[in-house]
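**Q** Output the structure for:
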Amino acid sequence: SKGPTIIDEEGVKTKLGVTPFKVVDFKALTGDSSDNIPGVKGVGPKTAINLLNENNDLDGVYKTLKEVELAGDKASKGCIKGLLKIKLRESQENAYLSKYLARIMLDIPLNKEPRMQFGEVDEKGLKERLEELELNSLVRQVSDFVRIFSVQNSNLKKK
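**A** So this is what the prediction gives:
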C-alpha cells in the first residue's frame, strides 16, 4: 500500500460513494473486515449506497423495512425487496452494533487537552501505542504518518 492519503469530502464521496456524514451508516450496512465490523451479511457497497440514497440513514432503512413488512410479503419500496428484506431483518442487531463500532467517539474525557504541533510526531511512541491498541494496519503506516505530518510538508504549513 502507498500509505495514508489526505482526503477531503469529495474524495470520500469518490472512494465510498457517500458523504463523510454517512460513512458510519455505510459501514453499519457493509461492515469492515479490517476493523472487525460485521455489517449486514450479504450487503455490499452498491446496495448500501442505494439504501442510504433512498432512506437517508440506518434508522430510515429500518423504518422503511418495517413499513414494507407491515404491507405484506410481496410489498417493496425502492431497493428494499425480496432477499434484501430478509438480510436486513436477520442482521438488524449486527447493523446497529456495526454502527456503534464504526462511530468515532469525540466525547472521551481527557484529563488534559492534547497539544501537538506538526513535525513533533513521536515515531516510537506512536508505534508502541498503536501496537497496544492492536491497530495493526496503522502500525504499518507509522513512517508514512511521520513523513506526511512533518513541518517539511508544504501542504500542512500555516499560511
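**Q** Now Gly39: phi and psi?
**A** Backbone dihedrals for Gly39, given as degrees, to the nearest 10, come out at phi 70, psi -160.
**Q** Counting neighbours, what do you get for it?
**A** 24 (other C-beta atoms under 10 Å). For glycine as for every other residue, the C-beta is placed from the backbone atoms N, C-alpha and C.
**Q** Then Asn94?
**A** Applying the criterion other C-beta under 10 Å, we find 18 residues in the vicinity of Asn94.
**Q** Secondary structure class of it, three-state.
**A** Remark: Asn94 carries the secondary structure label helix [criterion: DSSP: H, G, I helix; E, B strand; the rest coil].
**Q** How many residues are close by the nearest residue to it once chain neighbours are set aside?
**A** Once its chain neighbours are removed from consideration, Asn94 has its nearest residue in Pro38; the separation is 4.6 Å (C-beta to C-beta, 6 or more residues apart in numbering). Residue neighbour count, defined by other C-beta under 10 Å, stands at 16 for Pro38.
**Q** begin at 459 from here
**A** With the count now opening at 459, the last piece we talked about shows up as Pro496.
**Q** what sits against Lys521?
**A** Going by C-beta atoms under 8 Å, 6 or more residues apart in numbering, Lys521 touches Asn513.
**Q** ok so Glu592 is a strand residue?
**A** No. Applying three-state DSSP, one finds Glu592 to be coil, outside a strand.
**Q** For it, give me the pLDDT.
**A** Per-residue confidence for Glu592 comes out at a pLDDT of 86.
**Q** Just give me the neighbour total for it.
**A** Counted with other C-beta under 10 Å, the burial measure for Glu592 works out to 9 neighbours.
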